[in-house]
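>>> sequence and predicted model, in that order:
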Amino acid sequence: MSEKIYKESEKRTTPLVRYRNIGIMAHIDAGKTTLSERILFYTGVNYKIGETHEGGATMDWMEQERERGITITSAATTCFWREHRLNLIDTPGHVDFTAEVERSLRVLDGAVAVFCSVGKVQPQSETVWRQAQKYGVPVIAMVNKMDRTGADYYGVVEEIKTKLGATPLPLMLPIGKEADFKGVIDVLEGKAYYFGDDNGITITEEDIPAEYMDKYEEYRTYMVETLAEVDEEIMEIFLAEETPDHDTIKAAIRRSTLACGVVPVCCGTAFKNKGIQKLLDAVVDYLPSPIDVWDIHGSDPATGEAMTRHAGDQQPFAALVFKIMTDPFVGKLYYFRVYSGVATQGMTVLNPRTNKRERLGRLLQMHANERKEQEDIFSGDIAAAVGLKNVTTGDTICLEEEPIVLESMSFPEPVISVAVEPKTTGDRDKLSKGLIALADEDPTFRVQSNEETGQTIISGMGELHLEIILDRLIREFKVEANTGAPQVAYREALLGASDSNMKFVRQSGGRGQYGHCIINLLPAERGAGITIENKVVGGNIPKEYIKPIEMGIREAAASGVLAGYPLIDFKVEIIDGSYHPVDSSEMAFKIAGSMALKEAAKKAGICLLEPIMDVELTTPEENMGDLIGDITSRRGAIVEMNAAGGGFTKIRANVPLSELFGYATAIRSLSRGRASYSMEPAHFERVPKQVQDKIVEKK
């Protein structure tokens, strides 16, 4: 730590080195919120335990969350454990709310990934894992629900290795399983821990039971061997055939976790109050403080050159706004993470994206939806501000004298749309205000007007996502709305290459319009986006007209050529053209660019692409045939099938989104309510010719 010199404010109550900014992430129904509630209980924030199934969970504070028993919005809170300050964010597990996980992971230093001991590594577990890897967030795994029938701790450890490609390092081993799950063995301490019936508050430390000694010895050896592969200090001790002591191993686990070399694994049952305190110990011991994430990467807003800042109160102020929420009492809340410096009430900050000044009004420390006013928010803290004006998710706020743009976050594109209209003309203004407020909050929710039909189209990540949006419109904004049938966000793509020589000429007395460009149009790989290259030589098109041609091409691509869906993944080379010294204008070249793209695309041939969903079904074996038949009838393809234990089979399939509306009802009736499924966007695929013809005809 010696090279990391940082100064702290005298007002700070907890040293920065004792901060842990952590998120709880998992597949839906793995028990994240239940775990968060236990953490709040054991750290003394809550005097009683809130239960998700009773609708009393602190972190699930929205009415929609309590009714459905799921997490929709990430909730932030602060608690203390062993004199360490834990800033905790409980994130949603449902794929429709993946943006909540994305933006939370961006501002967190570490995460706890919760796995169900029965479901093991599920599809959404893989998604959140990839998100954590993207931001380089060290992770501790918590195998939850050890009291459930079919619990398999060692199976989860194996799947972390095979499915996630990580190196699991079990810190704990279960004593008993299913209904007989009694406690845990701490592999590092070499002790057994039992949790009392008084909500697990009383912990008894005992020697490891004789029947578990072989298992303990096996995993103790595995711990040292695994660390020797990723940590030089342990490697040297191992090669010298010596035995590392307790403190050396502990320090190596921390170093390896911070470097994302290993994933410490804990186990317990949040619902039955077992193993949570040991997990909190692991969070404090092995997850990073803001000082461990020393280099904060950003760029100079003027030049775009890379810059770094460091944690600490005496550094120039820089923070990232990662979430916006509408609060019925205080208006808009802007959640932000302070990376360096101190935020003070009333201070003026710069938003480098808009290059405008903003004033920090009230500063609030959040506990789910309760708030406590603060004068200062220190480096490493997560808080909310009131009073910002022109700020959106992913914006940096910093000192005007020391500007920096911190790395932002990327969000997936919406895959489903519905038309929405107010029930009465009086609701029209309220509807548009409500939709704008919700779109400000949620980067994966889009609102747009269809100029041809005059309809308002809302787009989101799935049926549940849009259902919640409409529910919030009614409750929070008091506006009733009718919705049309869900629409799929298709895309258009090129079948080949072509060119176009397009002149736009208008003569109507006085000054006319003249724009002329020749382009080559080439298809690109999926996901490559749109690239436009200027290859004009000799000044045949003046430089100031190249940008309008580009704008025309991009606008034409956005509105589509075949059926009004965006044209994606292509390259345009502007190779030649001509101009008129009097009649040429930016508008004329923009129109010429737009017409050139449309003509070239029609010549090249266009196909429609549709979003394909990765569907995972868990079904009783006796209903398997019916469900496979149903998938096939929906143009789906089976990817793999595995036994899930307990007479159930797990089926993975790729199915077009357009065929999945109302799927929940269909599988309930086919399996008498016993089958369950989850799905997430996988990729875009070409639409079969006969289906494409129908879509184009409708349009």
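Sure, I can see it.
>>> alpha carbons of stretch 237-251, as CSV, please.
Provided in CSV are the C-alpha atoms of stretch 237-251 (Å, rounded to 0.1, in the frame of the first residue of the first chain):
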residue,chain,number,x,y,z
ILE,A,237,6.5,-22.0,-0.8
PHE,A,238,4.8,-24.9,-2.6
LEU,A,239,7.9,-25.7,-4.8
ALA,A,240,10.1,-25.6,-1.6
GLU,A,241,7.7,-28.3,-0.3
GLU,A,242,6.8,-26.2,2.8
THR,A,243,3.4,-25.5,4.2
PRO,A,244,2.1,-21.9,4.0
ASP,A,245,0.7,-20.5,7.3
HIS,A,246,-2.8,-19.2,7.9
ASP,A,247,-2.0,-15.5,7.3
THR,A,248,0.1,-16.2,4.1
ILE,A,249,-2.8,-18.2,2.6
LYS,A,250,-5.4,-15.5,3.6
ALA,A,251,-3.3,-12.7,2.0
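>>> list of residues touching that stretch?
For stretch 237-251, the surrounding residues in contact (C-beta atoms under 8 Å, 6 or more residues apart in numbering) are 188, 189, 223, 224, 225, 227, 228, 233, 234, 252, 285. Just so you know, the C-beta spots here come from the backbone N, C-alpha and C atoms, and that holds for glycine as well.
>>> taking these, please make a ChimeraX selection of just the buried ones.
ChimeraX command restricting the contacts of stretch 237-251 to the buried ones, with burial defined by 16 or more other C-beta atoms under 10 Å:
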select :188,189,223,224,227,228,234,252,285
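>>> let's see which of the contacts of stretch 237-251 end up in strands.
Among the contacts of stretch 237-251, none falls in strands (DSSP state E).
>>> how about residue 604: what's its closest non-neighbour residue?
Leaving out its chain neighbours, the residue that sits closest to residue 604 by C-beta to C-beta, 6 or more residues apart in numbering is residue 498, at 3.9 Å.
>>> okay but the one you found is in contact with residue 521, surely?
Yes. Using C-beta atoms under 8 Å, residue 498 is in contact with residue 521, at 5.4 Å.
>>> the two: which is more packed in?
residue 521 (23 against 18; other C-beta atoms under 10 Å).
>>> show me the helices in the stretch 451-600 of the chain, by range?
Along the stretch 451-600 of the chain, the segments classed as helices by DSSP state H, counting those that start in this stretch run 463-476, 546-559, 586-604.
>>> quick check: buried residues in the last one?
Buried positions in helix 586-604, judged by neighbour count with 16+ other C-beta under 10 Å: 588-601, 604.
>>> output the contacting helices and strands for it.
Under the contact criterion of 3 or more C-beta pairs under 8 Å, 6 or more residues apart in numbering; DSSP states H and E, helix 586-604 touches strand 491-494, strand 498-506, strand 513-523, helix 546-559.
>>> can you dump the C-alpha atoms of the first one in PDB for me?
What it means is strand 491-494. What follows is strand 491-494 as a C-alpha-only set of coordinates in PDB (Å, rounded to 0.1, in the frame of the first residue of the first chain):
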ATOM      1  CA  ARG A 491     -33.600  -5.400 -38.500                       C
ATOM      2  CA  GLU A 492     -32.800  -5.200 -42.200                       C
ATOM      3  CA  ALA A 493     -29.500  -6.500 -43.700                       C
ATOM      4  CA  LEU A 494     -27.800  -6.600 -47.100                       C
END
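>>> chain center to it, what's the gap?
For strand 491-494, the separation from the chain centroid amounts to 27 Å (computed by C-alpha atoms, centre = their mean, to the nearest Å).
>>> helices and strands around it, which ones?
By 3+ C-beta pairs under 8 Å, 6+ apart, strand 491-494 packs against strand 513-523, helix 586-604, strand 606-620.
>>> average pLDDT for the shortest one?
What that stands for is strand 513-523. Here strand 513-523 scores 94 as its mean pLDDT.
>>> off-centre distance for that strand?
Relative to its chain's centre, strand 513-523 lies at 39 Å (C-alpha atoms, centre = their mean).
>>> could you do the second one as well?
In terms of C-alpha atoms, centre = their mean, the gap separating the centre of helix 586-604 from the centre of its chain is 37 Å.
>>> re earlier: for the helices and strands packed on helix 586-604, which one sits closest to residue 649?
Nearest to residue 649, of all those, is strand 491-494, at 33.5 Å by C-beta to C-beta.
>>> what comes up buried for the closest one?
491, 492, 493, 494.
>>> skip ahead from the lowest-mean-pLDDT helix or strand in the chain and say which helix or strand is next.
Taking mean pLDDT, DSSP states H and E as the measure, the chain has helix 63-68 as its least confident helix or strand, at a mean of 53. Per DSSP states H and E, the first helix or strand lying C-terminal to helix 63-68 is strand 75-81.
>>> next SSE after that following strand?
Per DSSP H and E, the first helix or strand lying C-terminal to strand 75-81 is strand 84-90.
>>> mind saving the C-alpha coords of that following strand as PDB?
What follows is strand 84-90, C-alpha atoms only, in PDB (Å, rounded to 0.1, in the frame of the first residue of the first chain):
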ATOM      1  CA  HIS A  84     -16.100  -1.800   7.600                       C
ATOM      2  CA  ARG A  85     -18.600   0.200   5.700                       C
ATOM      3  CA  LEU A  86     -20.500  -1.900   3.100                       C
ATOM      4  CA  ASN A  87     -22.300   0.100   0.400                       C
ATOM      5  CA  LEU A  88     -24.600  -2.600  -0.900                       C
ATOM      6  CA  ILE A  89     -26.700  -2.700  -4.100                       C
ATOM      7  CA  ASP A  90     -29.300  -5.500  -4.600                       C
END
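>>> any idea of the mean pLDDT in that strand?
Averaged over strand 84-90, pLDDT sits at 86.
>>> I'd like the next helix or strand past it.
Going down the chain from strand 84-90, the next helix or strand is helix 98-107, by DSSP H and E.
>>> need the contact partners of the next helix or strand after that next one.
The helix or strand immediately downstream of helix 98-107 is strand 110-116, counting by DSSP H and E. Strand 110-116 has contacts (C-beta under 8 Å, 6+ apart) with 20-27, 29-32, 35, 105, 121-122, 125, 128-129, 132, 137-145, 148, 156, 160, 263, 279, 283, 287-288.
>>> filter the residues you listed down to the buried ones.
20-27, 29-32, 35, 105, 121-122, 125, 128-129, 132, 137-145, 148, 156, 160, 263, 279, 283, 287-288.
>>> which of those fall in helices?
32, 35, 105, 125, 128, 129, 132, 156, 160, 279, 283 (DSSP state H).
>>> how about those residues in JSON lines, adding pLDDT and distance to residue 199?
Compiled in JSON lines, those are given as follows (pLDDT from 0 to 100; distance: C-beta to C-beta, whole Å):
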{"residue": "32", "pLDDT": "73", "distance to residue 199": "19"}
{"residue": "35", "pLDDT": "86", "distance to residue 199": "14"}
{"residue": "105", "pLDDT": "82", "distance to residue 199": "30"}
{"residue": "125", "pLDDT": "81", "distance to residue 199": "28"}
{"residue": "128", "pLDDT": "81", "distance to residue 199": "29"}
{"residue": "129", "pLDDT": "86", "distance to residue 199": "31"}
{"residue": "132", "pLDDT": "87", "distance to residue 199": "30"}
{"residue": "156", "pLDDT": "96", "distance to residue 199": "25"}
{"residue": "160", "pLDDT": "94", "distance to residue 199": "29"}
{"residue": "279", "pLDDT": "96", "distance to residue 199": "16"}
{"residue": "283", "pLDDT": "97", "distance to residue 199": "20"}
